[in-house]
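Peer 1: dropping a prediction and its sequence here:
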Amino acid sequence: MLRPPPLLRWLATCLLISLFLGAGPARAAGRERLSLDAGWLFHRGEVDMPVVRGHGMSYQNGKTNNGWGAAAADFDDSAWRRLDLPHDWAVENPFDRNENASQGYRARGIGWYRRYLQLPETDRGRHIELQFDAIATHSTVWVNGIVVDRNWSGYNGRSIDITPYVRYGTDPNTIAVRVDADAQEGWWYEGAGIYRHSWLVKRDALHIATDGLHANPVKQGGRWSIPVEVTLQSSAKVPRDGVVDVVLIDPAGQEVAKGSARARVGALDVAVTRMKLDVREPKLWSVTQPNVYRVRAVLRDAANELDRTEVQTGFRTIRFDADRGFFLNDEAVKLQGVCIHQDHAGVGVALPESIWEFRLRRLKEMGTNAIRFAHNAPAAEVLDMADRMGFLVMDENRHFNPSPDYMQQLTWLVRRDRNHPSVILWSIFNEEPLQSTESGYEMSRRMVKEIKRLDATRPVTGAMHGGLTTDLNAADAVDVVGLNYQPWLYDDYHKKHPKRPMTSTEDTSAYMTRGEYASDSKAQIMGSYDDEPSSWGNTHRDAWKAIAQRPFIAGSFVWTGIDYRGEPTPYEWPSASSFFGAMDLAGFAKGAFWIHQAQWVKDRPVVKLQPHWNWAGREGQNIRVMVTSNAQRVRVVLNGKDIGEQAVDPYEMNFFQVPYAPGRIEAVALRDGKEVARDVVETTGPAVRLVLTPDRQALADDGLDAVPITVSAVDAQGRPVPLAQNKVSFTLEGQGAIIGVGNGDPNSHEADKASERSLFNGLAQVIVQSRRGGHGALKLRAISEGLQDAEVELPLSAATAPPQVPTAEPTTPLLSWRVSPATATRPDPNVKLAENDMNSWGWDEPPMRREADVKPFRLYRSSVNVRADRNDGHAQLAFGAIAGKAEVWVDGVKLGEKTSAEPAPFSVTLPQGGVRREVTVLVEAAPGQPTGLWARIVLERGAR
Ligand code: GAL
């Protein structure tokens, strides 16, 4: 190989060293928000920390940067699985009846994640923040072996300033995350792992604090304005001045108002700038016209843009009236709400944004206008979506507890969510035993006060399932009294407290299995006629009737809009998910979907006839037919013959007894005697062919977009066969993946992460996701024995994926070194240091530069954990730059000698051997020259 001449090598080394010392290229400006989802390494299970014993180890254990085990920078993760976030490991596990029913009979346990990343020199001096949108459940995060965060919430996001701990240039940084999912916060399926997105955000030292832009429009004296508050933060070493420019952008993308403010921010301090934007005649936000505005704040100094951030907001007034319920823009709007948890078929809690969009779209179709995210903070992108789609949101805090740790979780929630037009109500608790007590009142009072400090515009509720009649209880501290499952109290409580606004915070809890019309306790199946509420709940029809007929109850929050894993009720094993949903786990409609659609949809006529019409063997027997419609009258027609006509009962719905004859049964909805809608159900033949129906016709190639595809089986005439239970296998061609399958059967134990699934009562779902930067099309093929195959092609369309942090190769850095005093004579490189001697040799980390000394010799000592993929006799122990002559010794054996004194890179080949090695470098300085190990030191994979 050609080697460059010594002078060039010397110059290159000087450049490397100057880069290292920070005299390098100009600093990058502005803000970068980079996805950190790709390229993680994962280990399922605990990685034991060594037992700390003996003085040397105990001493080290007490030091900041000495994370042990998998937290250590040089931990051997070579056997770990590589994956991308979001990730839920619980949904990968098989069902196991010995696991917790409430968590869906799936093992949780402990898991570890690690990720390597490099930061360019140009980042030095910026503010570097690591963000996790949520980790289930308790988590600890280390950066370069230093604990940087501990979090006790499986739902809250964390923003961690890692600026002090990171390295720049070629030096790798190691992030390690220990996730304890044995910890549980709910009685529902919570998933396990880093199940939302993660980010690396780089900003100027002077920047806008995370969630530091508060811009919530208010209307006073008939005029709209936005009081804007921007919190600035500085990690600079000296006070800095900045100007914040704020613009309001209307739904058409036009800038319609602006303001500016200056601020001086002290070193490591915060400052809040305030301004008011006056806005004339904004387009109001509503459920039917969700006009979303954006507020952008740009921070700059004299020369540069330093940071920018943007939030969604909207112009609407909200008011809860004690007599007349909820008002949006001074119009009464009944809350037609549902409670939902956050898991979906196939993917557990690691939901792509597009699957959320699908779920919310399905809820809209059902007529839902309000959502309670039970019982925790949803993902940030879900609230953005709620704004855009026009949902009213009850935003709920997980823990009822005003002690500092939990209060901080509440503060985080309000700061993150207080700009959203969709959020109309904060909820501080759900069904807390202390709700009825003075403690409950005192705790609520403190939490309400904290919310009001951050957001004076929204009322606070707590969801109470009792305790409302004691002398002093939590309801005395909130703005809107929330009742769970107590319709009998509506009138009495209102009478006793006529000035208190009230809403149902949770109701219904009735059971259904999709596609089933007869309950069967042996088979753990519930029929779909809405006959069977839980003992504490009501049918979908009764619960709504009690609310709809009382104007002083603001609305309903049905338990639940969509099924969720865990809390299997009324049946436990083998049932593993709930039966409460108006939709099943995959978002397929159950009977309750059509009931609510009839109750809630106002802008179009709807009619639905249930059940299916495949009752071979029951010819002539009466079949109970349920017709749900929002018209005035409904008529049922069988094979062209009128069976009967009824006035629509908007609460109880309409039932007919129809003697079965195969063929065609129809429900005709009438208004003023005229047909306004019709539903047709036909008796089908046997299934002959599979059909794949994608929810959308294309996918963005950003590696994030996912499309649910409905799998069904049709008869020879192309009619969906309602009772088909065929097992279907899938193959996917193209640059993407099947990320999960499901069928909504609460009793199914088939795997979610699989390429096969049985139809359940005619339907299954397969979710495909694009690969980042993929091209061409995804081709999904479905195959089932005895049926004709189906195939669907989804073109990948070019999309801008969020910029991401490149995946860095695992590297083993040698970070922590002991350095001997200088000696005049050559020391023994294998000299032993006493266990309890912490002081006669110093402590240092690369770069280690020593000025010229008359005594030329020094020893540098460290130890390294050799990764299995480096313990092959080829790995290189690479020193970025050694200034002076040097000998490198490992475990008492000399491995190499650097004979020239000029600063230069040097490396030795590490022979195969033990896992932990002691490395000693004996350096002899050139007379009068500075010396030392001047650059990073790593154990690298060597060429074979
Ligand atoms: C409520 C509770 C919900 C769910 C539901 C089932 O009491 O708030 O989380 O458990 O019961 O009916």
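Peer 2: Structure's in. What do you need? Computed from a prediction, not measured in an experiment: that's the story for all the values here.
Peer 1: mind listing what the nearest residue to Arg550 once chain neighbours are set aside touches?
Peer 2: Nearest in space to Arg550, with sequence neighbours left out and distances taken as Cβ to Cβ, 6 or more residues apart in numbering, is Tyr490 at 5.7 Å. Glycine gets a C-beta too; all of them are placed from N, C-alpha and C. Counting by Cβ atoms under 8 Å, 6 or more residues apart in numbering, Tyr490 makes contact with Leu483, Met502, Ala546, Ile547, Arg550, Phe552, Ile553.
Peer 1: now Gly561
Peer 2: Taking Cβ under 8 Å, 6+ apart, one finds Val338, Cys339, Ile340, Leu363, Met366, Thr368, Ile371, Gly581, Ala582, Met583 in contact with Gly561.
Peer 1: any weak-confidence spans in the chain?
Peer 2: Counting by pLDDT under 70, the chain contains low-confidence ranges at 1-28.
Peer 1: longest helix of it?
Peer 2: In the chain, ranked by residue count with DSSP state H as the criterion, the top helix is helix 438-454.
Peer 1: of the contacts of Gly561, closest to Ala267?
Peer 2: Distance from Ala267 was checked for each of these by Cβ to Cβ. The minimum falls on Ile371, at 43.6 Å.
Peer 1: residues near Leu609, how many?
Peer 2: Leu609 is flanked by 26 other residues according to other Cβ atoms under 10 Å.
Peer 1: now the residue of the stretch 101-250 of the chain found nearest the ligand: how far from Ala379?
Peer 2: Taking Cβ to the nearest ligand atom, the ligand has its nearest neighbour within the stretch 101-250 of the chain at Trp187, 6.0 Å off. For Trp187, the distance to Ala379 equals 21 Å [Cβ to Cβ, to the nearest Å].
Peer 1: so between these two, which is more surrounded?
Peer 2: Ala379 (22 against 13).
Peer 1: which element is the closest residue to the more buried one other than its chain neighbours on?
Peer 2: The shortest distance from Ala379 to any non-neighbouring residue, by Cβ to Cβ, 6+ apart, is to Arg196 (5.4 Å). Counting by DSSP states H and E, no helix or strand carries Arg196.
Peer 1: confirm for me that Arg196 is in contact with Phe132.
Peer 2: Yes: with contact defined as Cβ atoms under 8 Å, Arg196 and Phe132 form a contacting pair (7.3 Å).
Peer 1: who's more crowded, the two?
Peer 2: Using other Cβ under 10 Å as the criterion, Arg196 and Phe132 rank with Arg196 on top: 27 against 23.
Peer 1: with Asp417 as the reference, measure out to that one.
Peer 2: Shown here: Arg196 relative to Asp417, a distance of 15 Å by Cβ to Cβ.
Peer 1: what do you get for Pro533?
Peer 2: Counting by Cβ to Cβ, the separation of Pro533 from Asp417 is 32 Å.
Peer 1: residue contacts, the residue of the stretch 801-944 of the chain found nearest the ligand?
Peer 2: Proximity of the stretch 801-944 of the chain to the ligand (Cβ to the nearest ligand atom) peaks at Pro802, 33.8 Å away. Residues in contact with Pro802, defined by Cβ under 8 Å, 6+ apart, are Arg33, Leu34, Ser35, Asp702.
Peer 1: could you redo the last one with a cut-off of 6 Å?
Peer 2: Listed by Cβ atoms under 6 Å, 6 or more residues apart in numbering, the contact partners of Pro802 are Ser35.
Peer 1: alongside the ligand, which residues does the stretch 401-550 of the chain contribute?
Peer 2: The stretch 401-550 of the chain comes close to the ligand at residues Asn430, Glu431, His465, Asn484, Glu506, Ser509, Ser534, as judged by Cβ under 6 Å from any ligand atom.
Peer 1: in terms of contact, does the first one touch Thr461 like I think?
Peer 2: No: because the distance of 10.2 Å does not satisfy Cβ atoms under 6 Å, Asn430 is recorded as not touching Thr461.
Peer 1: higher neighbour count, these two?
Peer 2: Regarding Asn430 and Thr461, a neighbour count based on other Cβ under 10 Å identifies Thr461 as having more, with 29 against 24.
Peer 1: just give the closest residue to whichever residue of the stretch 401-550 of the chain sits closest to the ligand, not the sequence neighbours.
Peer 2: Checking the stretch 401-550 of the chain residue by residue against the ligand with Cβ to the nearest ligand atom singles out Ser509 as nearest, at 3.6 Å. Nearest in space to Ser509, with sequence neighbours left out and distances taken as Cβ to Cβ, 6+ apart, is Gly537 at 3.1 Å.
Peer 1: next: Ala878.
Peer 2: In this structure, Ala878 finds its nearest non-sequential neighbour in Ser907, 4.1 Å apart by Cβ to Cβ, 6+ apart.
Peer 1: any idea how far Ala943 is from the residue positioned nearest the centre of the chain?
Peer 2: Central residue check for the chain by Cα atoms, centre = their mean: the C-alpha nearest the mean position is that of Arg196, 2.6 Å away. Here the criterion is Cβ to Cβ. By it, Arg196 lies 40 Å from Ala943.
Peer 1: now Asp479
Peer 2: Computed with Cβ to Cβ, the distance linking Asp479 and Ala943 is 69 Å.
Peer 1: if we look at stretch 297-311, which residues are touching it?
Peer 2: Counting by Cβ under 6 Å, 6+ apart, the neighbours of stretch 297-311 from elsewhere in the structure are 29-31, 203-204, 206-208, 213, 230, 242-246, 294-296, 419.
Peer 1: the residue of the stretch 401-550 of the chain closest to the ligand contacts Ser535, correct?
Peer 2: No: look at Ser509 against Ser535 with Cβ under 6 Å: they stay out of range, at 9.2 Å.
Peer 1: the closest residue to the ligand within the stretch 551-700 of the chain bridge partners, please.
Peer 2: Sorted by distance to the ligand under Cβ to the nearest ligand atom, the residues of the stretch 551-700 of the chain start with Trp559, at 5.1 Å. According to DSSP bridges, the partner residues bridging Trp559 are Cys339, Thr508.
Peer 1: could we number from 41 for the rest of this?
Peer 2: That works, and once the first residue is 41, the last one we named lands at Trp599.
Peer 1: neighbours around it, how many?
Peer 2: Trp599 has 25 neighbours, counted by other Cβ under 10 Å.
Peer 1: contacting residues around it?
Peer 2: Contacts here follow Cβ under 6 Å, 6+ apart; on that basis Trp599 touches Cys379, Glu546, Thr548, Ser549, Phe620.
Peer 1: apply 7 Å and report the result again.
Peer 2: Cys379, Glu546, Asp547, Thr548, Ser549, Phe620 (Cβ atoms under 7 Å, 6 or more residues apart in numbering).
Peer 1: also Ala147?
Peer 2: Asn133, Asp136, Glu139.
Peer 1: now render those residues as JSON lines, adding neighbour count and distance to Gly627.
Peer 2: Listed next are the contacts of Ala147 as JSON lines, based on neighbours: other Cβ atoms under 10 Å; distance: Cβ to Cβ, whole Å:
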{"residue": "Asn133", "neighbour count": "21", "distance to Gly627": "23"}
{"residue": "Asp136", "neighbour count": "13", "distance to Gly627": "26"}
{"residue": "Glu139", "neighbour count": "19", "distance to Gly627": "25"}
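Peer 1: ok, so of the residues you listed, who is nearest the ligand?
Peer 2: Using Cβ to the nearest ligand atom, Glu139 is the member of those that lies nearest the ligand, at 18.5 Å.
Peer 1: find the nearest non-adjacent residue to that closest one, please.
Peer 2: Tyr145 (4.8 Å).
Peer 1: so that neighbour touches Ser615, yeah?
Peer 2: No: contact criterion Cβ atoms under 7 Å: Tyr145 and Ser615 do not qualify, at 9.3 Å.
Peer 1: distance of Val808 from the ligand?
Peer 2: In this structure, Val808 and the ligand are separated by 32 Å, where distance is defined by Cβ to the nearest ligand atom, to the nearest Å.
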